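>>> I would like to see how this sequence folds:
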Amino acid sequence: MPGPWEGAFRLGGASRAGILSRAGCILCRMLRRLGRWLAAGALLAAGALLLLRIGAAHDTPLRRGLERLKSLPYLGWTASEPGSEASGGPATGVSSPSPGVNLYASEAAPGAWAVDLAGRKVFELRDRREAPTIWKLVEPLPGGGFGALVAGGTILAVDGRSNLLWSVTSQFHHDFDVTSDGRLVAPSFDTRRIAALAPLRPIRDDVLEVYGPDRGLVDRVSSGDLVQGVPDLLERARGLDHRLLDWRLDIFHTNTVEVLEREVSWPHGPRWPAGSVLLCWRNLDTIAVVDLEARRILWYWGPGELEHPHHPTLLENGHLLVFDNGSRRGWSRVVEMDPGSGRIVWQYRADPPESFFSQSTRRRPASFQRRHARRRQRRRPGVRGHTGRRGGLAVHRDPGSAPTGWDAGSARRSTGCAASR
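As a prediction, the model looks like this:
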């Protein structure tokens, strides 16, 4: 006769056998799935290798030429292969551009370079912070050192040995200016609903932020509030309900800020007090001068003349130099205009005009925090450079002499190329 624990022992043994059987089945299924995954991975690797071999077989001169074109400003950048043949650059014996160096930030590295007119590196700046980020724009500062707009919405200053002097972080984009008394002015942005501009959608409202010499925030001036005081610009802004930037409307797209540190006036024209700010609203086709303290637009120009402009600059003679992308007409130009008369007094156009066309603003409407190199010579009168998409043409304007063109593809330099007055 079985004891009282024998049945329980037999039942427990049967349960253990069932558990082991089920575990074995689960393990077999997992092994089969793992085998299928490994087989699929092997097939994918083989396909990728085949595509690489096909691409290498089709490495034509045209493909290599297109890759070289990608290294031009306004087209983004590609890393050059070691030992690759360099091309382009200025010819020797040229006296039209002003002497000096160009500061260059490629948006590909945490630093910048100074190069002379022959393309030789003069010195290099590096981001020595613990977590360096790519530099989008670099400029010399009035009091010495260099300022840089870097990824992450930060503006920083370094000395000639790349030691960090100061930094400010907001939602900065595109540009900045530091005045002789140490103030910082730069565009940031807010996401807002402004019924007068776009009743149904939020907009990206570009805001000019002003910081004192101690880097404390002093003022914020809204572009959305400014244009509401000018009926023509208000009506123009209302017509940009299609200009989407992700889920917001990109009505302004402020790409340039320059503080005017001297009063500028004309006998029968506008008067701009010292401290006014020259800015560029790309998507409104407008350059404007703003009194930040009074919070009003003193002067504007561009609708009907400019298409997606960039980089307006006040010249010594009181005229403004501006790059006109011509995104809708299909060709670009450099324009010098007289704010006193409202007339264009000089312009550069290529011959034919379509051979000088910078259309990246149409390809990448979300950002002029562009994947292209930018050269700035704002505070040296005379020289300005602009690079076109087709052929890599740069134009230098030196008052008193003919403009000079520079072809990055063939290193040809020509004087007076289709310039008109």
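>>> Name the residues linked to the closest residue to Ile203 other than its chain neighbours by a beta bridge.
Setting aside the residues directly before and after it, Ile203 is nearest to Leu249 in space (C-beta to C-beta, 6 or more residues apart in numbering), at 4.3 Å. In short, each C-beta sits where N, CA and C put it, glycine included. On the basis of DSSP bridges, Leu249 is bridged to Ile203, Leu244.
>>> I figured Leu249 was touching Arg204, is that so?
Yes. Leu249 is within contact range of Arg204, at 6.8 Å (criterion: C-beta atoms under 8 Å).
>>> Could you check which of those two has the larger neighbour count?
Arg204 (26 against 22; other C-beta atoms under 10 Å).
>>> hang on, Pro187 packs against Val257?
Yes. Between Pro187 and Val257 there is a contact under C-beta under 8 Å: 5.8 Å.
>>> Which one's more surrounded, the two?
Under the criterion of other C-beta under 10 Å, the comparison of Pro187 against Val257 puts Pro187 first, with 24 against 20.
>>> Assumed that one was part of a strand.
Yes. Membership of Pro187 in a strand is supported by DSSP: H, G, I helix; E, B strand; the rest coil.
>>> which residues touch it?
The contact partners of Pro187, by C-beta atoms under 8 Å, 6 or more residues apart in numbering, come to Phe172, His173, His174, Asp175, Phe176, Asp206, Val207, Leu208, Glu209, Thr254, Val257, Leu279.
>>> how about the strands in the stretch 251-400 of the chain?
Applying DSSP state E, counting those that start in this stretch to the stretch 251-400 of the chain gives strands spanning 254-259, 264-265, 271-272, 277-281, 286-291, 296-301, 309-314, 320-324, 333-338, 343-348, 374-376, 393-396.
>>> Out of these, which one sits most buried?
For these, ranked by mean neighbour count under the definition mean count of other C-beta atoms under 10 Å, the leader is strand 277-281 at a mean of 25.
>>> Which neighbouring elements make contact with it?
Packing partners of strand 277-281 (3 or more C-beta pairs under 8 Å, 6 or more residues apart in numbering; DSSP states H and E): strand 203-211, strand 254-259, strand 286-291, strand 309-314.
>>> Between these, which one is closest to Gln228.
Counting by C-beta to C-beta, Gln228 lies closest to strand 203-211 out of those; the figure is 11.3 Å.
>>> Got the phi and psi for Gly47?
phi -60, psi -40 (degrees, to the nearest 10).
>>> Pull the number of nearby residues for it.
10.
>>> List the residue ranges of the stretch 301-421 of the chain that fall below the pLDDT cut-off.
In the predicted model, the stretch 301-421 of the chain carries pLDDT under 70 at residues 359-421.
>>> Then the chain?
Residues of the chain that meet the cut-off, pLDDT under 70, sit at 1-18, 20, 51-98, 241-247, 359-421.
>>> Spatially, which residue comes closest to Val335, not counting chain neighbours?
Per C-beta to C-beta, 6+ apart, closest to Val335 is Gln347, 4.8 Å.
>>> so the one you found bridges to which residues?
If you apply DSSP bridges, the partners that Gln347 bridges to are Val335, Ser420.
>>> If I follow the layout properly, it ends up in contact with Ser332?
No. Using C-beta under 8 Å, Gln347 is not in contact with Ser332, being 10.7 Å away.
>>> show me what contacts Leu298?
Counting by C-beta under 8 Å, 6+ apart, the residues that Leu298 touches are Pro270, Arg271, Trp272, Ser276, Ala288, Val289, Val290, Asp291.
>>> Kindly recompute the last result at 10 Å.
Pro270, Arg271, Trp272, Pro273, Ser276, Val277, Ala288, Val289, Val290, Asp291 (C-beta atoms under 10 Å, 6 or more residues apart in numbering).
>>> now the residue lying closest to it once chain neighbours are set aside: how far from Pro270?
Nearest residue to Leu298, sequence neighbours excluded (C-beta to C-beta, 6+ apart): Val289, at 4.8 Å. From Val289 across to Pro270, the span is 7 Å (C-beta to C-beta, to the nearest Å).
>>> Please enumerate the shared neighbours of those two.
In contact with both Val289 and Pro270: Val264, Ser276, Leu298, Trp299, Tyr300, Trp301, Pro339, using C-beta under 10 Å, 6+ apart.
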